[in-house]
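In: Quick one, structure for this:
(one chain, ligands or ions: 2)
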Amino acid sequence: MSMQVTMSVNGEEVTREIEGRLLLVHFLRDHLGLTGTHWGCDTSNCGTCVVWLDGEPVKSCTVLAAMAGGHEVRTVEGLEQEGELDPVQKGFMACHGLQCGFCTPGMMMTARALLDRNPEPTQSEIREAISGQICRCTGYATIVRSIQWAAAEQAGTRTSVGAGSAS
Ligand code: FES
Ligand code: FES
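Out: Ligands and ions are numbered 1, 2, ... in the order given. Just a heads-up that it's a prediction; the model follows:
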């Protein structure tokens, strides 16, 4: 059954005709062309599809696009502000938080949400925050360092964090 859905995506209102069973991850990728949100599994395990729904990180493969109607969605494409990369994005660049990059959009959306509610997370709090997400490449250490870098950057104390080869 097809239906019309309207939602805010990265601050812009969008309306599309969709099938009622369409998942939000496919709506974003296939209907809006926002392919920064990745689809990595059929079991809701990998977390590479994480976006924000009304400011909360959610796995967009677990949400029907129709359920997002009337709500605010933010994707990794909406992370930078006015052409300026978010500190989390800079942290992943500075600390080699990605290799293949497949998990990275979801990791960054989770990281941004964590730093918004807890600007100075401990390493274990960071690891807990990303525990619903899988990275096949990095072993997580560089992801944690990237998020610590971002926390220090926004607090103005970046030099006090061991960020490896970050400059
Ligand atoms: S695509 Fe794997 S958790 Fe959503
Ligand atoms: S960087 Fe490759 S899966 Fe995380």
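In: what's in contact with stretch 68-76?
Out: 5-10, 24, 27-28, 34, 36-37, 51-55, 105, 108-109 (Cβ atoms under 8 Å, 6 or more residues apart in numbering). Where C-beta positions appear, they are placed from N, C-alpha and C, glycine not excepted.
In: how about the strands in the protein?
Out: With DSSP state E, the ranges of strands along the chain come out as 2-9, 12-19, 50-53, 56-59, 72-74.
In: Turn those strands into TSV, columns for distance to residue 147 and mean neighbour count.
Out: Listed next are these as TSV, based on distance: least, Cβ to Cβ, whole Å; neighbours: other Cβ atoms under 10 Å:
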stretch	distance to residue 147	mean neighbour count
strand 2-9	25	15
strand 12-19	28	13
strand 50-53	14	24
strand 56-59	13	18
strand 72-74	18	21
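In: Out of these, flag the one nearest residue 120.
Out: Smallest distance to residue 120 across the strands of the chain (Cβ to Cβ): 18.9 Å, for strand 56-59.
In: Just checking that closest one against ligand 1, any contact.
Out: Yes: residues of strand 56-59 contacting ligand 1 under Cβ under 6 Å from any ligand atom: residue 59.
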